[in-house]
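Enquirer: one predicted model, sequence on top.
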Amino acid sequence: MNAATDYLLHLADNALVLGQRNAEWCGHGPILEEDIALSNVSLDLIGQARLLYQLVASLKGGNTTEDRLAYFRDTHEFRNYTLLELPHHGPLSGYAHASLDYGTTIVRNFLYSALMALLWEALEKSANADLAAIAAKSLKEVRYHLRHSRDWLVRLGDGTDESHIRAQAALDHLFPYTQEFWAHSAVESAAVAAGIGVDLATLQADWDAIVDAALAEATLVRPQVGGYVPEGKNGIHSEHLGFLLAEMQSLARAHPNGSW
Amino acid sequence: MYTQSFNVPDAPGGKTVPLAPSTEDPALQAAFDARIDADGRIEPQDWMPEAYRRTLVRQISQHAHSEIVGMLPEGNWISRAPSLKRKAILIAKVQDEGGHGLYLYSAAETLGTSRDQMLEGLHSGRAKYSSIFNYPTLTWADVGVIGWLVDGAAIMNQIPLCRCSYGPYARAMVRVCKEESFHQRQGYEALLVMMQGTAEQKAMVQDAVNRWWWKCLAMFGPPDADSPNSAQGMRWGIKRISNDDLRQKFVDATVPQAKVLGVTLPDPDLKWNEERQHHDYGQIDWNEFWETVNGNGPCNKERLATRVKAYNDGEWVRDAALAHARKQQQRKMKEAA
Ligand SMILES: [Fe+2]
Ligand SMILES: [Fe+2]
């Protein structure tokens, strides 16, 4: 285990996987302005992932590149939160399909952005100066993502009866996955010990406050959690990540010697 | 991106509709004509003949629809882009096209037609969009070729529109053209890199060029002899250069680019004509073009159904935003009372 690269890969995979998911809206948004807004969020996330992978590549040396890391690692090597790989709809088995649901998208972006607004701010003080610089840049971006998703969460929650029901259902589906944020991981502990990472336990109260205030405004009820705690950050994922990566990596792997 | 002559009638079936002569106030008409003759700009608050207004609404909304339908063929490759850099470039490009749609819907709205009305025209199949987007993107090379050739053809068509007589449209086109030329360079650059790659990559590029070349030539619209609307468009300063002249310009500009790239343009009749100082080129299959314009191309049904699905699936989201805004308004009024 390498405290720095493992931790950076966790952050990078989070950004890439959610960036990949948000880009699925490109051309299919509920309104043209939202199509553009979600593409923006996706671009920011992919930009963050690239900087983090590039940093990992420079630390690992050899022939590691951002694209080797993104396209030639398998499902169990990805370290993103399970929350971020789920499709934009309610709970379904890996090979089942449903239409994109904007409620799911907004709730997820909100829950994750609320965390990252706190985490990137704390990482500005990371002992790794390169990570601190990426954090500073990402913080500006995630503050916009948080505002965007929070505004929509309130609109959907406090909109029509139908939108309220849909937003609550998305929240009920996704909220238990946030338990993973607070679960222990050896990689995070090592990164904290090395002064590179941040102990998420120190952010939990602030995250609760952001979430509770938004849910109150949105007239939504915070679900009770318990039961299964996802372990995506340890490489144990849902059925969905395999499909996401199979699609994302297919062309790069079909032409392993290609130049793009 | 867009293009295609802007004189394809929206009504299905027919090829072109003659414009009715103006029966409006002769003094206003004379002032309008004088402004056009002096190469002046018409602004939303100015008087304009109804036929001019109708033609512009049709043209600008066709253009806007083309931008948003045009997001689909390239959007098809976002999830599979072969590098993170190319993925980011492609998302940004498709997003730009959405932005073009926004500017253009806004420009058309200054003529008194709402975005919802225009979208209704698109979704019902009444309004046209550029037929080029009714072809499938089968490989990653299609993304590069679309940037190079389709955005390239769009620029040829659109640069003259920056001088269009209708102010809001002309100004929108200035912004759009800057981004389109960026798209064109990105597409070409992506192909240059692939052409230095493996044999499979080179074959992929050539195959994409073979499939898109003739479609791109048709993008400039029917030959001048078959474009009766063009003359009126020229008179109004809405159209500045004829379809055939633009097509020739495009061919002449593209041949040397293809040579640098190392691909063959799939036309045995394509050759330099010393006398004309232009390239000669072969026969475009106009039958196939009109079949596609009239709804019978390979992807017409898929493109339209995808737009309709996105719109219908998004209805509850738009309703929620409206309902929430109304609630906020009522709360404010209560507070004020
Ligand atoms: Fe465009
Ligand atoms: Fe474009």
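Expert: Alright, I've got the coordinates. Ligands and ions are numbered 1, 2, ... in the order given.

Enquirer: tell me how far B:Glu120 lies from B:Thr55.
Expert: The gap separating B:Glu120 from B:Thr55 is 19 Å, by C-beta to C-beta, to the nearest Å. In this view, the C-beta of every residue, glycine as well, is placed from N, C-alpha and C.

Enquirer: these two - which one has more neighbours?
Expert: B:Thr55 (21 against 13; other C-beta atoms under 10 Å in any protein chain shown).

Enquirer: shouldn't the more buried one be in contact with B:Met234?
Expert: No: B:Thr55 is not in contact with B:Met234 according to C-beta atoms under 8 Å; the separation is 11.9 Å.

Enquirer: residues in the stretch 51-200 of chain B within reach of chain A, list them.
Expert: Residues of the stretch 51-200 of chain B lying close to chain A (C-beta under 8 Å from any C-beta of the partner chain) are B:68, B:71-72, B:75, B:78-88, B:91-92, B:94-95, B:98-99, B:101-102, B:105, B:140, B:190, B:193-194, B:196-198, B:200.

Enquirer: let's see that with 6 Å instead.
Expert: Contacts of the stretch 51-200 of chain B with chain A, taken as C-beta under 6 Å from any C-beta of the partner chain, map to B:71-72, B:75, B:78-80, B:82-84, B:86, B:88, B:91, B:94-95, B:98, B:101-102, B:140, B:193, B:197-198.

Enquirer: buried among these? Need that as a selection in PyMOL.
Expert: Applying 16 or more other C-beta atoms under 10 Å in any protein chain shown to these, the buried members can be selected in PyMOL as follows:
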select buried, chain B and resi 71+72+75+78+79+80+82+83+84+86+88+91+94+95+98+101+102+140+197
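
Enquirer: just the ones of the residues of the stretch 51-200 of chain B next to chain A in helices?
Expert: Among these, the ones falling in helices (DSSP state H) are B:71-72, B:75, B:84, B:86, B:88, B:91, B:94-95, B:98, B:101-102, B:140, B:193.

Enquirer: of the residues you listed, which is the nearest to B:Gly295?
Expert: Of all those, B:Leu72 has the smallest distance to B:Gly295: 16.1 Å, by C-beta to C-beta.

Enquirer: what number of residues lie near the closest residue in space to that closest one that isn't next to it in sequence?
Expert: Among residues not flanking B:Leu72 along the chain, A:Gly27 sits closest, at 5.1 Å (C-beta to C-beta, 6 or more residues apart in numbering or on different chains). Per other C-beta under 10 Å, the neighbour tally for A:Gly27 reads 25.

Enquirer: A:Gly27: what's it in contact with?
Expert: B:71-72, B:75 (C-beta atoms under 6 Å, 6 or more residues apart in numbering or on different chains).

Enquirer: low-confidence stretches in the stretch 201-337 of chain B?
Expert: B:228-229 (pLDDT under 70).

Enquirer: and the helices in it?
Expert: Using DSSP state H, counting those that start in this stretch, the helices assigned to the stretch 201-337 of chain B run over residues B:228-235, B:243-261, B:286-291, B:300-313, B:315-336.

Enquirer: what does chain A give?
Expert: Under the criterion DSSP H, chain A contains helices at A:3-23, A:32-60, A:66-71, A:82-85, A:102-123, A:129-157, A:161-174, A:179-182, A:186-193, A:204-217, A:240-254.

Enquirer: got phi/psi on the closest residue to ligand 2 within the stretch 201-337 of chain B?
Expert: Proximity of the stretch 201-337 of chain B to ligand 2 (C-beta to the ion) peaks at B:Met219, 12.7 Å away. Main-chain torsions, B:Met219, degrees, to the nearest 10: phi -60, psi -20.

Enquirer: that one contacts B:Asn134, correct?
Expert: No: the pair formed by B:Met219 and B:Asn134 falls short of the contact definition of C-beta atoms under 6 Å, at 11.6 Å.

Enquirer: please say which of the two ends up with more neighbours.
Expert: More crowded of B:Met219 and B:Asn134, by other C-beta under 10 Å: B:Met219, with 28 against 23.

Enquirer: state the distance from that one to ligand 1.
Expert: The gap separating B:Met219 from ligand 1 is 13 Å, by C-beta to the ion, to the nearest Å.

Enquirer: likewise for B:Ala141?
Expert: For B:Ala141, the distance to ligand 1 (C-beta to the ion) stands at 20 Å.

Enquirer: name the residues of stretch A:45-61 that come out as buried.
Expert: For stretch A:45-61, a neighbour-count test (16+ other C-beta under 10 Å) marks A:45-57, A:60 as buried.

Enquirer: contacts for stretch A:121-135?
Expert: Outside stretch A:121-135, the residues touching it (C-beta under 6 Å, 6+ apart) are A:51, A:55, A:120, A:136, A:139, A:195-196, A:198.

Enquirer: I'm done for today, thanks for sticking with me.
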